[in-house]
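Visitor: Have a look at this prediction, sequence included:
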Amino acid sequence: MTPGKSLRLRRLVDARSGRTLLVPLDHSLGDGPIASADGVRDLVETLAANGADAVLVHKGRVRFLPTDQVGDLALVVHLNGSTRHAPDSNDKVIVGEVAEAVELGADAVSVHINMGSATEATQLSDLGRVAAECARWGVPLLAMVYPRGPRITEPTDPELVAHAANLAADLGADLVKTPYTGDVVSMAEVVRSCPIPILTAGGARVGDDQQLLATVEDVLASGAIGLAIGRNVFESPDAAKTTRLLADAVHADRHLTSIPNLPSRPEAALG
């Protein structure tokens, strides 16, 4: 890994716990506004004040974020997307470049791939190209790879999730976000199969905090280095409380060493 990537990853992954809590806020491109313009700014301030490690947005949104608070968070700029109104919402198209993200001060970039979609070939090509650009600029690449498409009947099948995670590694990603399989044992097998660190997707809103925290505990016990949780934060009636609960759970081993088999340093997690 290049020095540039290593330095940027130190902002994305907590140096004490070797984990990260990433909050994606890119949903406004695909689904529409998640809050008012001021509400999004307030949300980012809330994330920074309550222990989140990173925020993920599209390039244009960076202009409207509170600069001081973004400075306290790692910034991930998402480079592709689609809307739910498209003929094929699984068709993710490139809408940004690594160089643009660097100009914006990004610590990392991300690309979404739907493995099994009708346009999988184009998306794979895009991921490979972005990985090459990331290597050139020294920018970490988070690949979000989901088993999703007309031939996918069980998107959390462990074999499919393992395939998705390794696809990201094979094409040059530094980290991968992929679905949680649903249980610790099978997710641990996915983690063991993959040479790059794994974050799991937060998924749909869970109404009960204890249920959400139980899932977080299981994900971390599997060996994943963290979670990317969006809807369960910005749809929460108390985003500050939810963020703090999640951050404390993700980084629990800064104070308690009860969660096994996790690296103590980002260098160990990130190879």
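Guide: Looks like it arrived, so ask away.
Visitor: State the pLDDT value of the residue nearest to Leu12 when sequence neighbours are not counted.
Guide: The spatially closest residue to Leu12, leaving aside those adjacent along the chain, is Ala74, at 4.2 Å (Cβ to Cβ, 6 or more residues apart in numbering). Yep, even glycine has a C-beta here, placed from its N, CA and C like the rest. Looking at Ala74, its pLDDT reads 96.
Visitor: who touches Arg11 in this structure?
Guide: Neighbouring residues of Arg11 by Cβ atoms under 8 Å, 6 or more residues apart in numbering: Ala54, Ala74, Asp107.
Visitor: Mind jotting down where the strands sit in the stretch 101-250 of the chain?
Guide: 108-115, 141-147, 175-178, 198-201, 226-228 (DSSP state E, counting those that start in this stretch).
Visitor: The nearest residue to Ala132 once chain neighbours are set aside and Ser186, how far apart?
Guide: Nearest residue to Ala132 in three dimensions, chain neighbours excluded: Gly172, at 7.0 Å (Cβ to Cβ, 6+ apart). Distance, Gly172 to Ser186, by Cβ to Cβ, to the nearest Å: 26 Å.
Visitor: The residue nearest to Leu12: what's it in contact with?
Guide: By Cβ under 8 Å, 6+ apart, the neighbours of Ala74 are Arg8, Arg11, Leu12, Thr20, Leu22, Asp53, Ala54, Val55, Asp107, Ala108.
Visitor: same thing but at 10 Å, please
Guide: 8-14, 20, 22, 52-56, 106-108, 140 (Cβ atoms under 10 Å, 6 or more residues apart in numbering).
Visitor: Helices - which of those residues land there?
Guide: Arg8, Leu9, Arg10, Arg11, Leu12 (DSSP state H).
Visitor: what about the first one, neighbour count?
Guide: The number of residues packed around Arg8, counting by other Cβ atoms under 10 Å, is 21.
Visitor: Nothing else from me, thank you.
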